[in-house]
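Asks: Just the structure for this:
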Amino acid sequence: MKPITVSVVGLGQMGSALVAPLLRGGNAVTVWNRNKEKAAPLVALGAQLADSIENAVKASELIVVCLSSYDISDTLFREPKVQPLLSGKTFIQLTTGTGDEAARSAAWAKDAEFSYLDGAIMDYPAAVGTAGCLLLASGPEASYKHYADHLRLLGGKFTYVGKNPAAANHLDGGLLTLYYATTFGFLQSAAMLEAADVSVETLKNAVDSFRHVLDKTMARATDSLSRKDYTGHEASIVVHSYGVQTLRDRARLAGVDYSLLQLFSEYLEKTRDMGFHAAELPATFEIFRRTR
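Replies: Below you'll find the predicted structure:
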């Protein structure tokens, strides 16, 4: 892998975490942040501190951006003194935003004659640079391939998800929705078990043994959605509805907040009322999907 010049713009926790792996790969890394003090530890590692956003862009062929919003990114890079400097370079946006913002940024990049990849970091800052860290990118495939080895320095599971510039952003949203749903489910379970004097460690150990059931359920749901067929022979919506009502009542009787379980129960009731009473759990997809 041939070393390149890289500028990292935005040195919050996540942005700062991107610098060391790039340096370890032998690349010349320039950093910029409004608060210059955040750059000090990175300069100590070997990064160069740019004194302006213009000089940060001038310094490198690959511009990696990790800011708190697309609006802030636009404020920096769409400045008349800065935008022309991007011409001919590759810009990867790792800022959190929406698919529409990603698409608008890609259109702007096309007009400004630079290559634009939109991406997301699907892990905590401490995991950046490790073999198991997942990052996503979408946009021009040629640009991704050109820098793929360098980008994998940031995470061994750096994945290209398609030419649509918004694809990585949408997948990021899907994975984060799953992340929050899973975490809230775990915390609800922990609260119910605490009320029954069962430790959270016991729950965690049981989850490790139960994980194959969750994986199997997700695989079956994927197959059902792909085939648009919710029939099966395991457990109907009616059976699941009864089971969730029982869980809700357990939480209520234990004095534990049960609003999450009440929501699950309502989802199942709506699905049943749509005529899917004999279908399996993936039929609840029909109450979530876009109707317009």
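Asks: can you tell me which strand in the chain is longest?
Replies: strand 115-121 (DSSP state E).
Asks: which helices and strands does the very next helix or strand once past it pack with?
Replies: Of the helices and strands lying after strand 115-121 in sequence (DSSP states H and E), the nearest is strand 135-138. Contact partners of strand 135-138 among helices and strands, from 3 or more CB pairs under 8 Å, 6 or more residues apart in numbering; DSSP states H and E: strand 115-121, helix 141-151, strand 159-160, helix 167-195. C-beta coordinates here come from the backbone N, C-alpha and C atoms, glycine included.
Asks: Please work out which of the ones you listed is packed deepest.
Replies: Per-residue neighbour counts averaged over each of the helices and strands packed on strand 135-138 give the maximum for strand 115-121, namely a mean of 25 (mean count of other CB atoms under 10 Å).
Asks: Tell me the pLDDT of the closest residue to T271 other than its chain neighbours.
Replies: Leaving out its chain neighbours, the residue that sits closest to T271 by CB to CB, 6 or more residues apart in numbering is T284, at 4.7 Å. Here, the pLDDT recorded for T284 equals 96.
Asks: re earlier: centre of the chain to the longest strand of the chain, how far?
Replies: Centroid displacement of strand 115-121 relative to its chain, using CA atoms, centre = their mean, to the nearest Å, is 12 Å.
Asks: re the thing from before, could I get the helices and strands packed on strand 135-138 in JSON lines, plus columns for mean pLDDT?
Replies: Converted to JSON lines, the helices and strands packed on strand 135-138 look like this (pLDDT from 0 to 100):
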{"stretch": "strand 115-121", "mean pLDDT": "98"}
{"stretch": "helix 141-151", "mean pLDDT": "97"}
{"stretch": "strand 159-160", "mean pLDDT": "98"}
{"stretch": "helix 167-195", "mean pLDDT": "97"}
